[in-house]
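Asks: no sequence on hand, only this structure:
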């Protein structure tokens with residue numbers, strides 16, 4: 001395996017840590033030939049008139065003129081070569097602009113390519129031009145959080161990664177409050193409902209970086225609080241492992257029955273091949289939604305007939321059952337029309353949710369589109385579902401647990417919904433919650449940069 005420099009290795013594992021909210025699709029959805037051009041609808045699921053014409057006359061804020069709205073979209077595409085966030089921006093803004101924009105103002109997305117390590121440089125550029133950040137993500141996102149707060153940029157991210165940014169001020173993250181374990185319902189289902197015999201023998205492997213160490217520490221705390229015993233915990237080098245046999249032997253010798261893996265799905269597939277070759281079967285493996293991709297299915301191969309791999313989508317409707325959900329099907333149709341050839345992923349769906357939230361909030365502001373107006377409007381959403389793309393999230397609370405979860409299982413035929421006893425459509429709601437008590441750092445606030453909400457105009 002190619003050896004990475006220490007900086008590149010840290011960036012790589014940070015990216016994998018973000019993968020704990022950075023999944024792909026269960027069924028890769030190539031858009032193929034563009035759909036025939038027909039009249040587009042301004043409705044999205046149960047959201048009505050998301051975009052449309054208007055006659056604005058003012059330029060009330062930076063990045064806003066009577067004709068357009070400049071929006072920043074952060075992406076690590078220069079490092080990852082994965083254009084999923086740019087694809088989502090293209091599909092959404094093309095659809096919205098064809099309808100007339102946000103009350104007559106066209107959306108102008110500026111993809112801010114961090115190349116992984118240039119987050120702060122891109123943030124400073126965004127601070128000079130953009131009205132808001134929408135639908136983006138960066139694995140090392142905390143590198144730009146102070147600058148974003150200093151220039152009072154609202155943030156509607158597809159996902160967040162590092163502790164100082166996760167739940168920071170002026171942000172609308174939709175995957176649960178930073179103080180709470182987002183996987184509490186999922187892990188309790190694994191250890192108490194589905195495989196109660198595994199509760200005393202849970203193992204965890206994490207990439208060796210400050211980011212994933214935090215995730216591991218939080219995970220172990222939450223598992224112990226629900227009565228699980230951590231029988232095995234280990235780190236693997238950020239630059240990768242040439243032979244996973246020692247790890248597999250440790251898992252077997254410790255009698256691990258349930259394994260949580262914080263890392264890249266390529267490494268997990270290799271580990272599982274060795275475990276399977278040793279004829280050691282765990283009750284379950286939490287592959288995390290970083291592995292919710294067709295590529296993992298191909299790499300894991302025959303191991304999927306032997307090992308039980310699961311991933312929690314945290315209340316996002318699965319792509320492989322899009323035909324059952326008008327909102328998810330709508331995104332697929334918009335990709336075919338406006339981003340032909342792009343693959344729709346779950347990160348793309350998260351990005352779409354962020355774009356929808358921004359557009360709806362901005363639309364309520366009319367001619368007087370200011371950052372304070374769009375922020376206040378978005379903060380009023382008590383049960384945001386993005387038109388049906390996801391389970392409800394209460395955005396009036398900055399730090400609140402997720403109320404619903406849904407579990408996918410990896411099979412030789414692809415990812416499919418697991419038998420986790422959903423009670424609200426594809427989701428299981430009323431999930432147990434857990435608030436961390438350990439010290440893992442905290443999200444940054446406006447006060448940290450000498451500002452307050454009174455400065456938001």
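Replies: Arrived safely. Note that the structure is a prediction, hence the values are computed from the model and not measured.
Asks: show me the helices in the stretch 351-457 of the chain, by range?
Replies: In the stretch 351-457 of the chain, the helices defined using DSSP state H, counting those that start in this stretch lie at 371-379.
Asks: where do the strands sit along it?
Replies: Counting by DSSP state E, counting those that start in this stretch, one finds strands in the stretch 351-457 of the chain at the ranges 404-405, 407-411, 414-417, 428-429.
Asks: for residue 171, which of the ones you listed is the nearest?
Replies: strand 404-405 (21.1 Å; CB to CB). Any C-beta I mention is one placed from the backbone N, CA and C, and that applies to glycine too.
Asks: contacting residues around the closest one?
Replies: With CB atoms under 8 Å, 6 or more residues apart in numbering as the test, strand 404-405 has contacts from 183, 185-186, 189, 312-315, 391-392, 420, 424, 427-431.
Asks: please identify the deepest-packed of the strands of the stretch 351-457 of the chain.
Replies: By mean neighbour count, with neighbours taken as mean count of other CB atoms under 10 Å, strand 404-405 ranks first of the strands of the stretch 351-457 of the chain at a mean of 24.
Asks: what pairs with it, parallel or antiparallel?
Replies: Sheet partners assigned to strand 404-405 using DSSP bridges are listed as strand 428-429 (antiparallel).
Asks: isn't residue 75 up against residue 115?
Replies: No. Residue 75 lies out of contact with residue 115 (CB atoms under 8 Å); the separation is 9.5 Å.
Asks: hey, where'd the helices end up in this structure?
Replies: Ranges of helices in the chain, per DSSP state H, are 6-18, 77-80, 84-98, 119-129, 145-150, 184-188, 210-225, 245-253, 265-277, 294-300, 326-338, 346-363, 371-379.
Asks: flag every buried residue along the shortest one.
Replies: Yep, that's helix 77-80 we're talking about. For helix 77-80, the neighbour count (16 or more other CB atoms under 10 Å) marks 77, 79, 80 as buried.
Asks: run a quick neighbour tally on the closest residue in space to residue 221 that isn't next to it in sequence.
Replies: Nearest non-adjacent residue to residue 221, counting by CB to CB, 6 or more residues apart in numbering: residue 438, 5.2 Å away. By other CB atoms under 10 Å, the residues close to residue 438 number 10.
Asks: now do residue 438 against residue 275, distance only.
Replies: 30 Å (CB to CB, to the nearest Å).
Asks: also residue 268?
Replies: If you measure residue 268 against residue 275 using CB to CB, the figure is 10 Å.
Asks: could you do residue 231 as well?
Replies: For residue 231, the distance to residue 275 equals 15 Å [CB to CB].
Asks: more neighbours: these two, which one.
Replies: Each of residue 231 and residue 275 has its neighbours counted (other CB under 10 Å); residue 275 has more, 25 against 17.
Asks: what residues are up against that one?
Replies: Listed by CB under 8 Å, 6+ apart, the contact partners of residue 275 are 248, 251, 252, 281, 282, 303, 307.
Asks: out of those, which are buried?
Replies: Among those, those buried by neighbour count (16+ other CB under 10 Å) are 248, 251, 252, 282, 303, 307.
Asks: surely the fifth one and residue 271 touch.
Replies: No. Using CB under 8 Å, residue 303 and residue 271 do not qualify as a contacting pair, with a distance of 9.3 Å.
Asks: please name the residues that touch residue 362.
Replies: Contacts of residue 362 (CB under 8 Å, 6+ apart): 69, 102, 103, 369, 374, 377.
Asks: so which of residue 75 and residue 115 has more stuff around it?
Replies: residue 75 (26 against 16).
Asks: so how far is residue 164 from the more buried one?
Replies: Separation of residue 75 from residue 164 (CB to CB): 20 Å.
Asks: with residue 317 instead?
Replies: Applying CB to CB to residue 317 and residue 164 gives a distance of 30 Å.
Asks: looking at those two, which is more packed in?
Replies: Set side by side, residue 317 and residue 164 show more neighbours around residue 317, with 25 against 19, by other CB under 10 Å.
Asks: that one contacts residue 329, correct?
Replies: No. Shown here, residue 317 and residue 329 do not form a contact pair, counting by CB under 8 Å, at 10.0 Å.
Asks: wait, residue 73 touches residue 87, no?
Replies: No. At 10.5 Å, residue 73 does not count as touching residue 87 under the criterion of CB under 8 Å.
Asks: mind checking which of the two has more residues around it?
Replies: Set residue 73 next to residue 87 and count neighbours by other CB under 10 Å: residue 73 wins out with 28 against 23.
Asks: where are the low-confidence patches of the protein?
Replies: Residue ranges of the chain with pLDDT under 70: 1-39.
Asks: for residue 327, see how far away residue 334 is.
Replies: 11 Å.
Asks: next: residue 90.
Replies: Between residue 90 and residue 327 the distance is 19 Å, computed by CB to CB.
Asks: which one's more surrounded, these two?
Replies: Shown here are residue 90 and residue 327; by other CB under 10 Å, residue 327 has more neighbours (22 against 19).
Asks: for the more buried one, what are its contacts?
Replies: Residue 327 makes contacts with 44, 45, 46, 317, 385, 386, 387, 388, 389, as judged by CB under 8 Å, 6+ apart.
Asks: need the buried ones from the residues you listed selected in ChimeraX.
Replies: Of the contacts of residue 327, the buried ones can be selected in ChimeraX as follows, counting by 16+ other CB under 10 Å:
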select :44,45,317,385,386,387,388,389
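Asks: my guess is residue 40 meets residue 94, correct?
Replies: No. Judged on CB under 8 Å, residue 40 makes no contact with residue 94 at a distance of 9.7 Å.
Asks: what's the overlap in contacts for those two?
Replies: Both residue 40 and residue 94 are contacted by residue 337, under the criterion CB under 8 Å, 6+ apart.
Asks: which one is residue 44 nearest to, not counting chain neighbours?
Replies: Using CB to CB, 6+ apart, the closest residue to residue 44 is residue 387 (4.2 Å).
Asks: how much space separates the residue of the chain most remote from its centre from residue 67?
Replies: Relative to the centre of the chain, the most outlying C-alpha is that of residue 57, 36.4 Å out, by CA atoms, centre = their mean. Note on residue 57: its distance to residue 67, by CB to CB, is 10 Å.
Asks: same question, residue 339
Replies: Residue 339 is 24 Å from residue 67, where distance means CB to CB.
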